[in-house]
Structure formats: C-alpha cells, structure tokens
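1. Sharing a model that was predicted from the sequence below.
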2 protein chains.
Amino acid sequence: MAAPAEKHDVFKAIADPTRREVLRLLSENERPISEITSHFSMSRTAVTKHLQILAEADLISGRKEGREKIYQLHPEPLNEVKQWLSYYEKFWSNKLSMLKNLVEED
Amino acid sequence: MAAPAEKHDVFKAIADPTRREVLRLLSENERPISEITSHFSMSRTAVTKHLQILAEADLISGRKEGREKIYQLHPEPLNEVKQWLSYYEKFWSNKLSMLKNLVEED
DNA sequence: ATAATATAACACCTTTTGGTTTTACGTCAA
DNA sequence: TTGACGTAAAACCAAAAGGTGTTATATTAT
C-alpha cells in the first residue's frame, strides 16, 4: 500500500536544464524559493512549478520555516538513472567499464 | 564550424519510456523500423518520430538497405549523462562513492 | 494595526510532445 | 508491369510543458 505517488519520474525531472541547475544550486546549500529564483530570469511562479516537479520525483523536499519555504536536495532517486546507465556502459569503450567487464566475464 | 545540429539533447531523448525501450531493443540488435514498431502498440509514424529524436541526440543512426531503414545504437552520448550523474554520487551514500571520497579527500 | 515579505493558488497563454490518419514515393517480387 | 512492402512526408489533433500575471494568505517588522 501507500502508493508512492511518484507522479513524475526522475528521467523527466532531470530532462529540463533549469531543473538540473536547481539541483546543482541545492547541492551547494538548501535554499528558499526566492533565493533559487534569483538565479534565473523567469518568474518565481515558473520556478515553483519546476520545484514541484522535482519534489514529485523525490529529488528535493521543502520545509516551511517562518514565511519561507526552504528546499533541500535528496539525490537518492538519481540512483535509478545510474543503474539504467550502467547497462549501456558495456556498449561504449571506457577504461573503467572495460575493467569491469574483464572482472565480470570468464 | 560545422555546428553539430544536436537539436535534442540526450537528457530529453532519454526522458521518454518508449525511447528508452527503443534503445534497449537496439542494444540487442540493429533493427528496421517495422521490427521496432512491432514491439509497441502505436503507429509506425509515431515510432519514427521517436527514432528521429534519438537520432538527433546522436544516440542512434539509420542506414537504408533496400527498402528498409535499419537503425543501430550509438551509446556514446550517454557519457554526458554519466558525467553529470557522477557529480551527485558524492551526495548519496554508496559504497563505491564512499571509497572514492576517501581517496580524493585528505 | 499596518505594511512589507514570501509563498500559494488561480486563470490564462503559447509551444512542444506524442499521437493519429492520409497520401505519396521508392524498392522488390511475381 | 503490376502489386505489395517499407518508409517518408504532411496535415491534423489533444494534452502536457513551460511560461505569464493577478489575487489571496500567512508571517514578520515597524
């Protein structure tokens, strides 16, 4: 039970450059919406929508502190992308993946 | 010069589940459009559009062979995603990234 | 109490996405 | 050469994405 409601998957969430930049900002520090908005040339309303999409993918969460809402990063869902990617590593030449294949095969 | 025309970035390309499934199919074998289409419950035209988006991100390419167009995987652009992800690995606990941090810090 | 601040909630608009159907064009086989 | 096959191209459509501005609500400072 308790369906996780994950309306937006992480792949869609990171598809947008603005949202990737938000993640980078929050990787430095948790920040209130107004401060996040100040880094972009779009309205606070637009930024809020991006924040909601990121939150629905569980990549960030916000807590209310006084009149501010402070968002922080939760990078764990990126693990899904990492795992998806790992499948393809064996298809492009790369020192690390070649090493891995050497170990895994045989 | 010779601007690479990369109209669709790889993040957008992999955001769609259908396109990720196409990549998986092509990782097994190069395939003509009709065969790719047979794996989905949508029109060939729709699949072709997904193929174009993947091709614009340089993730696949198609060659014409007789009356068929055969697509094959080129996973190299996924490296951009891998590199982007690697920045965030230090933020979630993971045995490998913990080891890496141990080596890098101090 | 009042005014400024920070966010939330709406209503609205435009562009892109993801899909359809229809028509046309090469290619191959009979 | 006639027809079937595989694709390409175009017109069209609904819904989602990405943005705007306005209004409302809660909180803090004066």
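-> Sure thing, it's come through.

2. For A:Trp92, give me the pLDDT.
-> pLDDT, the model's per-residue confidence, is 77 for A:Trp92.

3. That one: what secondary structure?
-> Classification of A:Trp92 using DSSP: H, G, I helix; E, B strand; the rest coil returns coil.

4. Could you verify my assumption that it touches B:Val81?
-> No - when contacts are counted by Cβ atoms under 8 Å, A:Trp92 is not listed as touching B:Val81 (11.8 Å). (Glycine included, C-beta is placed from N, CA and C.)

5. Closest to the centroid, which residue in chain A?
-> For chain A, the residue nearest the mean C-alpha position is A:Leu59 (4.7 Å; Cα atoms, centre = their mean).

6. Who are the contact partners of that residue?
-> A:10, A:13-14, A:23, A:73-75, A:77-78 (Cβ atoms under 8 Å, 6 or more residues apart in numbering or on different chains).

7. Could I get those residues in TSV, plus columns for pLDDT?
-> Output for these, formatted as TSV (pLDDT from 0 to 100):
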residue	pLDDT
A:Val10	97
A:Ala13	98
A:Ile14	98
A:Leu23	98
A:Leu73	97
A:His74	97
A:Pro75	96
A:Pro77	96
A:Leu78	96
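
8. Generate a ChimeraX selection restricted to the buried subset of the residues you listed.
-> Per 16 or more other Cβ atoms under 10 Å in any protein chain shown, the buried members of the contacts of A:Leu59 correspond to this ChimeraX selection:
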select /A:10,13,14,23,73,74,75,77,78
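
9. So which of the contacts of A:Leu59 reach chain B?
-> Intersecting the contacts of A:Leu59 with the surroundings of chain B, defined as Cβ under 8 Å from any Cβ of the partner chain, gives A:14, A:23, A:73, A:75, A:78.

10. so what's the first one up against?
-> Contacts for A:Ile14 (Cβ under 8 Å, 6+ apart) come out as A:20, A:23, A:59, A:78, A:81, B:11, B:15.

11. ok, 7 Å please
-> A:20, B:11 (Cβ atoms under 7 Å, 6 or more residues apart in numbering or on different chains).

12. Then the last one?
-> Contacts of A:Leu78 were listed using Cβ under 7 Å, 6+ apart, and they are A:10, B:85, B:88.

13. repeat for the third one
-> Residues near A:Leu73 by Cβ under 7 Å, 6+ apart: A:23, A:26-27, A:60, B:91.

14. Report the beta-bridge partner residues of it.
-> For A:Leu73, the beta-bridge partners are A:Ile60 (DSSP bridges).

15. Using the record, which stretches count as separate domains in chain A?
-> Using automatic domain parsing, the domain parsing of chain A gives A:10-75, A:76-106.

16. now the longest one, how far from the chain's geometric center?
-> Averaging C-alpha positions (Cα atoms, centre = their mean, to the nearest Å) puts domain A:10-75 9 Å from its chain's average.

17. Sweet, I'm off.
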